[in-house]
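A.B. asks: have a look at this prediction, sequence included:
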Amino acid sequence: MWMQSVIRAIYPSQCVACDAPTEDDFGLCGKCWRDTDFIGATICNKCGTPLPGDDPDDDLICDDCMAIARPWDHGRSVMAYTRIGRKLVLSLKHGDRTDLAQPAARWMARAAEPLLQDDTLIVPVPLHRVRLIQRRYNQSAVLAGVLAKAINRDLCVDGLIRTRNTAPLKGHSRDARFAELSEAIKANPSQRFKLKDRPILLIDDVMTSGATLAACTEACMSVGARSVDILTLARVVKDT
């Protein structure tokens, strides 16, 4: 206890978004919390996007999910990809802020509760080996690892692989994103037995069109996954 007090005096807790003082480690200060667009109870049950109203109906589906076939079963996301949410995702993805996985996984664990089964297997969205060398870590795998420990579920960090280095999808249309990812993600031949007959929870940092998560879902189902749900830290939403 004495040593912890000394450490806290030397290294006081700071907001993970702005470095302002906080009461707890790996938290947000009051201002950054207010500037984070956490997704509430009224959501699309397929993709997790926020919907208007105050009805937490499990059967609500957004317009996009009515128009686009989603191969997964259910989806959840913690926050909108806006303001502090966008800052956190970009810091985790490109800023070497792997420490952000600690608060992110805590928030994701709460969002995941309605999706979890006793034998749920956590599987991250993969990076191609070229991109992994450039970035040095897969942010989705980092999130998945911390989350798996937090919710006490099995992790298969290399359950999926990218068979080709797809072009960056930023700025692409929805159709172009789906076309670029066609046949680009496969189940890892050495790990496919782990995915068979298991409910899979796919983990990614942010969902835009859903093309990447759809490709991952199809790869899981191709080797006999019992079901697939998706969970992301952030979600691009309309009018943002």
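C.D. replies: Sure thing, it's come through.
A.B. asks: got any ranges where the protein has weak pLDDT?
C.D. replies: 1-11, 57, 167-172, 239-240 (pLDDT under 70).
A.B. asks: which residue ranges form the strands in it?
C.D. replies: For the chain, strands defined by DSSP state E occupy the ranges 75-80, 121-124, 154-155, 160-162, 185-187, 199-207, 227-235.
A.B. asks: distance to I61 and mean neighbour count added to those strands, as a markdown table?
C.D. replies: (Each C-beta comes from the backbone N, C-alpha and C, glycine too.) Shown next, in a markdown table, are the strands of the chain (distance: least, Cβ to Cβ, whole Å; neighbours: other Cβ atoms under 10 Å):
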| stretch | distance to I61 | mean neighbour count |
| --- | --- | --- |
| strand 75-80 | 11 | 25 |
| strand 121-124 | 24 | 26 |
| strand 154-155 | 30 | 16 |
| strand 160-162 | 26 | 22 |
| strand 185-187 | 25 | 22 |
| strand 199-207 | 15 | 25 |
| strand 227-235 | 15 | 26 |
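A.B. asks: export those to a markdown table and tack on distance to A112?
C.D. replies: As requested, the strands of the chain are arranged in a markdown table below (distance: least, Cβ to Cβ, whole Å):
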| stretch | distance to A112 |
| --- | --- |
| strand 75-80 | 6 |
| strand 121-124 | 9 |
| strand 154-155 | 13 |
| strand 160-162 | 19 |
| strand 185-187 | 22 |
| strand 199-207 | 7 |
| strand 227-235 | 5 |
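A.B. asks: once you drop chain neighbours, what's closest to R135?
C.D. replies: Spatial nearest neighbour of R135, chain neighbours left out: L127 (6.9 Å); criterion: Cβ to Cβ, 6 or more residues apart in numbering.
A.B. asks: report the distance from stretch 130-143 to the chain centre.
C.D. replies: Per Cα atoms, centre = their mean, to the nearest Å, the displacement of stretch 130-143 from the mean C-alpha position of its chain is 14 Å.
A.B. asks: mind listing what's buried in it?
C.D. replies: For stretch 130-143, the buried set under the neighbour-count rule, 16 or more other Cβ atoms under 10 Å, comprises 138-143.
A.B. asks: any idea which of those is closest to T98?
C.D. replies: V142 (5.3 Å; Cβ to Cβ).
A.B. asks: so that closest one sits right up against T98, yeah?
C.D. replies: Yes. Counting by Cβ atoms under 8 Å, T98 is a contact partner of V142 at 5.3 Å.
A.B. asks: name the residues that touch stretch 233-240?
C.D. replies: 39, 47-50, 77-82, 85-86, 88-89, 92, 104, 107-108, 143, 204-208 (Cβ atoms under 8 Å, 6 or more residues apart in numbering).
A.B. asks: look up phi and psi at the residue nearest to R135.
C.D. replies: When read as degrees, to the nearest 10, the backbone of L127 gives phi -110, psi 150.
A.B. asks: and for R226?
C.D. replies: phi -70, psi -40.
A.B. asks: quick one, what contacts it?
C.D. replies: Contacts of R226 (Cβ under 8 Å, 6+ apart): 197-200.
A.B. asks: equivalent analysis for L143, please.
C.D. replies: 92, 101, 104-105, 108, 124, 203, 205, 233.
A.B. asks: the nearest residue to G145 once chain neighbours are set aside and Q191, how far apart?
C.D. replies: Nearest residue to G145 in three dimensions, chain neighbours excluded: L155, at 6.1 Å (Cβ to Cβ, 6+ apart). According to Cβ to Cβ, to the nearest Å, L155 and Q191 sit 11 Å apart.
A.B. asks: repeat for T208
C.D. replies: On the measure of Cβ to Cβ, T208 and Q191 end up 26 Å apart.
A.B. asks: repeat that for E218.
C.D. replies: Distance from E218 to Q191, by Cβ to Cβ: 16 Å.
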